[in-house]
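S.K.: Sequence and predicted model, in that order:
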Amino acid sequence: MNQEMKVERYGLIAQGFHWLVALLLLGLFVTNSLREMAPEESQLGWLQLHMSLGILVFLVTIARIGWRKIVPPPALVDAPKWSQFAANAVHVLLNLATLLVPVFGYLRVASKGFAADFFGMQIPSITGEMHGLHEIMEDFFHGEPMEIALYVLIGVHVVAALWHQYVLKDNALRRMLPW
């Protein structure tokens, strides 16, 4: 039996969640960059879209985790224990990031006393104006350090998937592709 036949795949719904989160994260990076480059008078529109996509990432991640509880993922590909541990750690950190970073983003906006925008629906501030909380969110949890950490996590995830697929040739990437 060839290697391709032995590979267990993720289901279409799990694949859909994975690629939807990937697209939404790309949208978040793009909208944040466009907001930073835009003239001040048009930054709010990009920020509102960024907030909407962030809240959507949070909601999709909750659905994704719920789906994973109902339909467990296939077993990890055959690899050394350290590699399986690393894969699990990166997946846990990515799921935590896609849950916590939107919460931190909301707290960054809410701590300025503003409502968050979810495709036109206003989500009121639960904190009111709290300068100290805003500074912490901006400086650490929803600012450049978080952005760099997220880039690193995503980069490790992508490089590992490509390494497995094209160097180890164990078809790990194909498990998350519908074709």
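M.R.: Okay, I see it. On a predicted model such as this, the values are computed, not experimentally measured, just so you know. Numbers count the residues shown, from 1 in each chain.

S.K.: ok, how many other residues are close to Gly155?
M.R.: Around Gly155 sit 10 other residues, with neighbours defined as other C-beta atoms under 10 Å. Using the backbone N, CA and C atoms, a C-beta is placed for each residue, glycine as well.

S.K.: Could you measure from it over to Leu28?
M.R.: The span separating Gly155 from Leu28 equals 16 Å under the rule C-beta to C-beta, to the nearest Å.

S.K.: Quick check: buried residues in the longest helix seen in the chain?
M.R.: If you go by DSSP state H, the chain has its longest helix at helix 81-110. Buried residues in helix 81-110, counted by 16 or more other C-beta atoms under 10 Å: 83, 87, 90, 93-94, 97-98, 101-102, 104-110.

S.K.: Could you look up the next helix or strand downstream of that helix?
M.R.: Scanning forward in sequence from helix 81-110, with DSSP states H and E defining helices and strands, the next element found is strand 116-118.

S.K.: Tell me the helix or strand right after the lowest-mean-pLDDT helix or strand in the chain.
M.R.: Sorted by mean pLDDT, DSSP states H and E, the helices and strands of the chain end with helix 3-6, the least confident at a mean of 45. With elements assigned by DSSP H and E, the helix or strand that comes after helix 3-6 is helix 12-37.
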